[in-house]
Every structure is written in structure tokens, then in C-alpha cells.
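Participant: Please work out how this folds:
(one chain, ligands or ions: 1)
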Amino acid sequence: MEQGPPGIDVTVPSVARIYDYLLGGKDNFAVDRAAAEKLLELTPNAREGVRANRRFIRRAVTFMAREGIRQFLDIGAGLPTQENVHQVALREAPDSRVVYVDNDPTVLAHGRALLDGDGQTIVVDGDLREPEAILADPRINEHIDFGKPVGLLMVAVLHFIPENAERIVATLRDRLAPGSAMALSHVSYGDLDEEKIREGRELYKATSAGAVIPRTRAELLRFFDGFDLVEPGLVVTEDWRPEPGEPRPPRIPGVDGYAGVGLLR
Ligand SMILES: C[S@@+](CC[C@H](N)C(=O)[O-])C[C@H]1O[C@@H](n2cnc3c(N)ncnc32)[C@H](O)[C@@H]1O
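Facilitator: Below is the predicted model:
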């Protein structure tokens with residue numbers, strides 16, 4: 001069995017490290033790689049899906065910055081990779097301020113190491129299941145001002161929240177000032193049959209997240225209550241404002257991902 005750094009459990013697959021492995025990263029352990037390989041058997045498009053998801057983050061943050069947003073709250077931020085939210089935001093607007101929130105110790109350790117000394121970006125431990133605690137966190141409130149527009153990102157994380165997800169999103173929304181925006185992406189069922197969905201649920205039960213809950217597009221639309229969805233609406237992730245020259249791999253069987261951005265007037 002591998003030895004992990006102090007405080008990091010390498011016996012339980014971490015959804016952050018599974019995602020890192022699928023992206024081709026190195027911040028993962030044998031238990032994560034085994035879970036990711038099993039996931040690829042169930043949903044062979046998982047690698048393409050995570051890459052498409054990262055491209056969506058770049059486009060969504062660029063959009064928000066061009067809307068004038070200078071503060072970003074990224075909940076379920078994941079392990080640092082390429083084109084992270086702060087890099088995209090700072091490139092568009094050098095005065096941007098970014099808060100990363102995650103509940104995975106590996107993410108917190110790597111994030112803090114990467115950002116050491118960057119006064120514009122902080123990494124905070126927090127749990128999306130407790131949105132009130134995130135909103136009340138003094139470190140977050142010192143770093144961003146909820147009286148001004150915030151770009152809220154919950155990208156590929158709400159499908160790990162089986163209960164109260166609509167209430168959680170509404171709690172966060174209610175704290176946002178007009179001019180704020182929310183970017184979501186989320187796994188849907190795609191062409192998985194009942195048996196694969198069941199096996200997927202079992203797989204994620206054994207991970208750090210403890211559950212996965214794909215949702216239909218109709219269910220996902222409800223998360224945007226109170227927001228104006230910007231064009232093209234809630235669409236398959238690759239179809240959210242693709243830029244010229246972006247890869248459009250042929251459709252591989254597996255789950256679907258949906259993505260959208262809403263503005264608060
Ligand atoms: C699939 S990764 C997505 C990372 C990044 N948002 C992206 O889309 O590239 C999901 C992230 O959400 C985090 N996460 C899962 N459940 C969470 C919770 N209840 N509170 C905070 N973070 C959570 C995981 O630790 C992981 O880093």
C-alpha cells in the first residue's frame with residue numbers, strides 16, 4: 001500500500017484525484033487510478049468529458065470577467081491543473097480575486113502550495129453541503145465582498161450532493177449581489193443503462209464523496225431559478241459557446257454532461 005502525505009487517506013478513492021487521473025495529472029494514488037479505470041469501463045467517454053468540462057470553465061470564467069465580474073467563488077474547485085480559474089480570471093482582469101473552496105485534503109494541500117504568496121487567490125476548506133458556513137467564513141468575507149458581483153462556480157460538483165441540492169444553490173444565490181453569475185456543470189444519464197447506473201452508484205459510494213447522483217436536464221434547469229440563463233442556455237458541455245478551433249471529439253458512449261451560466265439581474 002502506498003504511503004500518502006500526513007492527513008491524506010490513500011486507501012479511499014478521492015473524487016478529486018480520480019478526476020486528476022482522468023485529466024492526465026500526477027496527483028493521484030493506486031486506489032484512485034483503479035476507481036478511474038472502473039469508471040472508464042462504465043462510461044468510456046469519461047476522459048473526453050473531463051476535458052470538455054475544463055474547457056467550459058475557461059470559457060465561463062472568461063465570459064464572467066468580460067461581464068465585469070472581478071470576484072470568483074469556486075466551490076468544489078478540484079486539484080490545480082492547467083487553466084485554473086484564477087489564471088483565466090487574472091489574465092482577463094489582473095485585479096480579480098478568487099476563492100477556491102473544497103473539502104478534500106489533497107486539494108487543499110496542493111492548492112495552498114501552488115498559490116503560496118499569491119495575494120489574490122485563497123484556498124479555503126469548506127463543504128458545499130453547508131452553504132451557510134461557507135457564506136459566513138471570515139476568510140472568504142475578508143477576501144471578497146458579497147455586496148459586489150461574484151462569479152459563483154459549482155462545476156462538476158453538484159452531482160456529489162444527493163440531498164438538498166436545490167436549497168443549497170438557492171442559499172448561495174440569495175447572498176449574491178445583482179450582476180453576479182453562476183456557472184454549473186453536472187453529469188446526466190447519457191446512454192447508460194440501469195445496470196451501469198447501479199454500478200456507477202456503487203463505485204462512488206466507496207469514494208470520498210460517498211455518492212453520485214446524475215440528474216436530468218429538467219432537474220438541472222431548476223438550479224437556475226432566479227437567474228437568467230445566458231445563451232445558449234443549459235446545453236451539453238461542449239456546446240456552451242465553443243471557441244473556434246476547439247477539439248470536438250466524436251461522440252463516445254457514456255454519461256452526458258450539461259453546462260450553463262446564469263446571470264442575476
Ligand atoms: C470532479 S471534481 C471537479 C473539479 C473542478 N470544479 C472542475 O470541474 O474541474 C469535484 C470536486 O468537488 C469536490 N467536492 C465534492 N464534494 C464536495 C463537497 N461536499 N464540498 C466541497 N467540495 C466537494 C471534490 O473534492 C473535487 O475536488
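
Participant: excluding its backbone neighbours, what's nearest Arg55?
Facilitator: Nearest residue to Arg55 in three dimensions, chain neighbours excluded: Glu246, at 6.2 Å (CB to CB, 6 or more residues apart in numbering). Quick note: C-beta positions are derived from backbone N, CA and C, even for glycine.

Participant: Quick one: neighbours of that neighbour, just the number.
Facilitator: Summarising burial for Glu246: neighbours were counted as other CB atoms under 10 Å, giving 12.

Participant: same deal with Arg58?
Facilitator: The burial count for Arg58: 18, using other CB under 10 Å.

Participant: helix or strand for it, which one?
Facilitator: helix 46-66 (DSSP states H and E).

Participant: same for that helix, what does it pack against?
Facilitator: helix 15-22, helix 30-42, helix 85-92, strand 151-155, strand 181-188, strand 256-263 (3 or more CB pairs under 8 Å, 6 or more residues apart in numbering; DSSP states H and E).

Participant: And the helices in the stretch 151-265 of the chain?
Facilitator: Assignment of helices within the stretch 151-265 of the chain using DSSP state H, counting those that start in this stretch yields the ranges 165-175, 194-205, 217-221.

Participant: Return the residues of the stretch 51-200 of the chain in contact with the ligand.
Facilitator: 53-54, 57, 75-78, 102-104, 107, 127-129, 155-157, 160 (CB under 6 Å from any ligand atom).

Participant: what about 5 Å?
Facilitator: 53, 76, 78, 102-104, 107, 127-129, 155-157, 160 (CB under 5 Å from any ligand atom).

Participant: May I see those organised as CSV, with pLDDT, distance to Leu263 and neighbour count added?
Facilitator: Output for those, formatted as CSV (pLDDT from 0 to 100; distance: CB to CB, whole Å; neighbours: other CB atoms under 10 Å):
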residue, pLDDT, distance to Leu263, neighbour count
Asn53, 97, 21, 22
Gly76, 98, 21, 25
Gly78, 98, 24, 28
Asp102, 98, 25, 24
Asn103, 98, 28, 19
Asp104, 97, 30, 21
Val107, 96, 28, 27
Asp127, 98, 26, 14
Leu128, 98, 21, 20
Arg129, 98, 26, 15
Val155, 98, 17, 24
Ala156, 98, 21, 24
Val157, 98, 20, 24
Phe160, 98, 25, 22
